[in-house]
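Asker: Predicted model, plus sequence, below.
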Amino acid sequence: MKTYVMIPTYNEKENIANLINSILNLKIKNLHIVVADDNSPDGTWKIVNKISKKNKNVHLLLRKKNKGRGSGGRDGFIYCLKSGADIVIEMDADMSHDPKYIPLMIKELNNADLILGSRRVKGSKEIGRSLIRRIITYFANLYINIVLGLNVKDCNSGFRCYRRETLKKINPSNLISKGPEIVQEVLFKAHLRGFKIKEIPITFINRTKGKSKLGIKQLAIGYFMILKLKFLKLIGEIL
Ligand SMILES: Nc1nc2c(ncn2[C@@H]2O[C@H](COP(=O)(O)OP(=O)(O)OP(=O)(O)O)[C@@H](O)[C@H]2O)c(=O)[nH]1
Ligand SMILES: [Mg+2]
């Protein structure tokens, strides 16, 4: 069983080495890590490149075109599938997603097609998130669930575990989101294909190092994308 952890990065030099080490310390058999970096000006990719030279299970996917969380994630997924991954885990580099949940996520794949590390189910916790961020998240989830007809508590979580077949049927090459809204697009496509999505509680720790890349502009583009996805579905452009 080949497991790939896919991490999109942009300017995460303070976090990436720690994260890679914590994942490798889990000592999961046949586990690979692929970092999809957009030529980060802070040199994140150089750190990954150095680690990858010492550890053949760590891979750098250095992207010089089509910058964005979405297109990086899409290329990362394609890389994992091409490399023969049976299981793909997607997570952020900012240490908000604790690798300790990875073994449980893999185990839970026996009960569902897509496992989601959730901040909004019984047993979840959020550390260091401001009240305003929580309020925005609450309404964002309400809006996304209503428009896209989902029943997911934490639609914005980028901590996920997929079976190969699930990801293959979602077909990463057809994903259209350039930015962080890719996480909702993937959920919508999983839902349309009738996949079982299971949320497991996590303790989410707000980033303490590096800067968030999520600004007002990205949020606005993301909310518009939700309407666009619904529209494309209605006119039969999304299956
Ligand atoms: N490849 C790539 N990765 C990106 C890009 N923007 C953000 N990322 C990565 O995507 C992940 C999530 O980005 P964050 O900035 O933490 O955004 P967020 O988690 O939605 O928001 P916060 O809660 O504020 O941290 C991190 O690993 C980032 O490094 C990008 O343009 N390209
Ligand atoms: Mg983050």
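Answerer: That came in fine, so what should we check first? Ligands and ions are numbered 1, 2, ... in the order given.

Asker: which residues touch Arg160?
Answerer: Arg160 makes contact with 89-91, 105, 114-117, 183, 186 under the criterion CB atoms under 8 Å, 6 or more residues apart in numbering. Placement of C-beta: from N, CA and C, glycine included.

Asker: For this protein, just list every one of the helices.
Answerer: 16-24, 44-54, 69-82, 102-108, 131-148, 164-170, 182-192, 216-234 (DSSP state H).

Asker: number of nearby residues for Lys50?
Answerer: 13 (other CB atoms under 10 Å).

Asker: Could you do Lys122 as well?
Answerer: Neighbour tally, Lys122, other CB under 10 Å: 8.

Asker: ok, now Lys211?
Answerer: 12.

Asker: cool, and Glu90?
Answerer: 25.

Asker: what does the model give it for pLDDT?
Answerer: Residue-level confidence at Glu90 comes out at 98, pLDDT.

Asker: Equivalent analysis for the one 5 residues further on, please.
Answerer: Met95 carries a pLDDT value of 97.

Asker: got the contact list for the nearest residue to Lys233 once chain neighbours are set aside?
Answerer: Excluding its sequence neighbours, the residue lying closest to Lys233 (CB to CB, 6 or more residues apart in numbering) is Leu192, at 7.3 Å. Going by CB under 8 Å, 6+ apart, Leu192 touches 233, 238-239.

Asker: Identify the residue nearest the geometric centre of this protein.
Answerer: Gly158 (3.4 Å; CA atoms, centre = their mean).

Asker: Check what pLDDT Leu214 gets.
Answerer: 84.

Asker: Please tell me how far the residue nearest to the centre of the chain sits from ligand 2.
Answerer: 8 Å (CB to the ion, to the nearest Å).

Asker: Please apply the same query to Gly149.
Answerer: From Gly149 to ligand 2 the distance is 27 Å (CB to the ion).

Asker: That residue touches Ile226, doesn't it?
Answerer: No: in this structure Gly149 lies outside contact range of Ile226 using CB atoms under 8 Å: 11.2 Å.

Asker: quick revisit: residues in contact with the residue nearest to the centre of the chain?
Answerer: Contacts of Gly158 by CB under 8 Å, 6+ apart are 90-92, 97, 180, 183.

Asker: Can you give me the separation between it and Ser40?
Answerer: 17 Å (CB to CB, to the nearest Å).

Asker: Ile202 contacts Arg119, correct?
Answerer: Yes: counting by CB under 8 Å, Ile202 touches Arg119, with 6.7 Å between them.

Asker: Need the residues touching each of those two.
Answerer: With CB under 8 Å, 6+ apart as the test, Ile202 and Arg119 both reach Lys125.

Asker: Trp208: neighbour count?
Answerer: For residue 208 the amino acid is Thr, not Trp. Neighbours around Thr208, by other CB under 10 Å: 12.

Asker: any idea how far the residue lying closest to Asn171 once chain neighbours are set aside lies from ligand 1?
Answerer: Nearest non-adjacent residue to Asn171, counting by CB to CB, 6+ apart: Lys189, 7.8 Å away. From Lys189 across to ligand 1, the span is 19 Å (CB to the nearest ligand atom, to the nearest Å).

Asker: what does Leu148 give?
Answerer: Taken as CB to the nearest ligand atom, the span from Leu148 to ligand 1 is 18 Å.

Asker: wait, doesn't that residue sit right on Phe188?
Answerer: Yes: using CB under 8 Å as the test, Leu148 is close enough to Phe188 to be in contact (4.9 Å).

Asker: Who has more neighbours out of those two?
Answerer: Phe188 (25 against 20).
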